[in-house]
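A.B. asks: give the three-dimensional model of this entry:
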Amino acid sequence: MTAVTGRVAAAERGETRIADRVVAKIAAQAAKEAVEEPPADGASPRATVTVHRDAARVRVSLELGYPSDIGSQCGAVRRRVAQRVKALAGMEVPEVAVQVERLHPAGANAAHGGIRMTEPGEPTGSTRRMPTVEQSDDAHTPAPDRPADAREPVPTLEQGDGRAGRFWSARRVPAALLALVLLGAAGLLLYDIAAVRADHPAMQWRRSLADGLAEQRLDDTPVLVGAGVAAAIGLWLILLALTPGLRDLLPMRRDRADIRAGLDRTAAALVLRDRAVEVSGVQSVRVRMGRRKAKVRALSHFRALDDVRTDLDAVLEEAVRELGLARPPALSVQVHRPAKKG
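C.D. replies: You can find the predicted model right below:
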């Protein structure tokens, strides 16, 4: 008995599709597994995925404890996500962007002054840079389960040229809305044209629109209002196309061509606030972190205000430098006395 040729085997027929939300679930779980010590009151990692053929680009948002080796943990998350997505979904992961949305101070460590992150051989008190978004993959990067002394040292702030542009948003919502509107308008117009070609009368809305446009004057109020709305929508779409978006993500200095890093503005403000409250005489601090300026408002209940402001300037300038931002923001520090009660 001979086999029939020309017939595709059952195992080779059909197509397997994995939904984006399934890949995102795998990535979120992998990120959760990769974090060494997740904060007790922190939210679980979240992931969004863009799948194109057999490749998935992943963006992970998570919260970490503070202080901690943010660079090492983000690298472990990136490697774990890439491994698990490839193993479970069979997809290559050319890009994993890790965004740290919040830092949770550890109660025990914060009470004793925290844990400083130092390089081997560095003087005590030096702090590593903290990359929070990583892209691409590096074949020479050691696995997360290797001992700490076998890993490559974290680059110092003086390395790299520091040139890094802003991160660009995908603009999915405006693009989707515009596509839906244009699709509906094109489909309606195409249907009406086909009906006219089939010797059917044109739709009432098109006849009314043609008659109205023929009778309306260009300086009539409805025409001017419609033109203004259309111009405003066009300018809005042009603005979305020309601006990067993602204003909450501050680009960090680049020391490698295949790695980009960014720091969330909320996390940067938290770091500056924690450094400011360590200054003697500071009772409370509020920090507003912008892309170009960091505004610090402190209340001092003892010591001279000029002395407190001088110490704050020195401490915060060093803290901003240690953030490793590509464009360090200017500092605006104000110190006041607390309001008197009664």
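
A.B. asks: contacts and neighbour counts: CA atoms only from here.
C.D. replies: Will do.

A.B. asks: now the helices for the protein?
C.D. replies: Assigned by DSSP state H, the chain shows helices spanning 20-34, 70-89, 107-111, 172-197, 204-215, 221-242, 265-276, 305-323.

A.B. asks: nearest to residue 100, out of the ones you listed?
C.D. replies: Closest of those to residue 100 is helix 265-276, at 7.4 Å (criterion: Cα to Cα).

A.B. asks: what residues sit buried inside that closest one?
C.D. replies: For helix 265-276, burial by neighbour count (16 or more other Cα atoms under 10 Å) applies to 265-273, 275-276.

A.B. asks: quick one: mean pLDDT over stretch 94-101.
C.D. replies: Taken as a whole, stretch 94-101 has an average pLDDT of 87.

A.B. asks: got the CA coordinates for it in PDB?
C.D. replies: The C-alpha trace of stretch 94-101 is given here as PDB (Å, rounded to 0.1, in the frame of the first residue of the first chain):
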ATOM      1  CA  PRO A  94      14.200  42.100  19.900                       C
ATOM      2  CA  GLU A  95      13.200  44.800  22.400                       C
ATOM      3  CA  VAL A  96      12.300  44.800  26.100                       C
ATOM      4  CA  ALA A  97      11.600  48.300  27.600                       C
ATOM      5  CA  VAL A  98      11.500  48.300  31.400                       C
ATOM      6  CA  GLN A  99      10.000  51.300  33.000                       C
ATOM      7  CA  VAL A 100      10.300  51.800  36.800                       C
ATOM      8  CA  GLU A 101       7.200  53.700  37.800                       C
END
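
A.B. asks: isn't residue 334 up against residue 294?
C.D. replies: No - when contacts are counted by Cα atoms under 8 Å, residue 334 is not listed as touching residue 294 (11.3 Å).

A.B. asks: among the buried residues of helix 265-276, which one lies nearest to residue 35?
C.D. replies: residue 267 (17.3 Å).

A.B. asks: that closest one contacts residue 101, doesn't it?
C.D. replies: Yes - assessed by Cα under 8 Å, residue 267 is found in contact with residue 101 at 6.4 Å.

A.B. asks: what's around residue 238, how many residues?
C.D. replies: 11 (other Cα atoms under 10 Å).

A.B. asks: measure it to residue 180 for me?
C.D. replies: The span separating residue 238 from residue 180 equals 18 Å under the rule Cα to Cα, to the nearest Å.

A.B. asks: ok, residue 308 next?
C.D. replies: Residue 308 sits 57 Å away from residue 180, going by Cα to Cα.

A.B. asks: if we can go back for a sec, okay, residue 334 and residue 294: which has more neighbours?
C.D. replies: residue 294 (22 against 16).

A.B. asks: give the contact list for the closest residue to that one other than its chain neighbours.
C.D. replies: Of all residues not flanking residue 294 in the chain, residue 331 sits nearest, at 5.0 Å (Cα to Cα, 6 or more residues apart in numbering). Counting by Cα atoms under 8 Å, 6 or more residues apart in numbering, residue 331 touches 293-296, 313, 316-317.

A.B. asks: which of those residues are buried, as a ChimeraX select command?
C.D. replies: In ChimeraX, this line selects whichever of the contacts of residue 331 come out buried by 16+ other Cα under 10 Å:
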select :294,295,296,313,316,317
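
A.B. asks: among the contacts of residue 331, which two are most distant?
C.D. replies: Largest separation among the contacts of residue 331 by Cα to Cα: 293 and 313, giving 13.7 Å.

A.B. asks: what count of nearby residues applies to residue 301?
C.D. replies: So residue 301, with other Cα under 10 Å, has 16 neighbours.

A.B. asks: ok, it touching residue 281?
C.D. replies: Yes - applying Cα under 8 Å, one finds residue 301 in contact with residue 281, separated by 6.1 Å.
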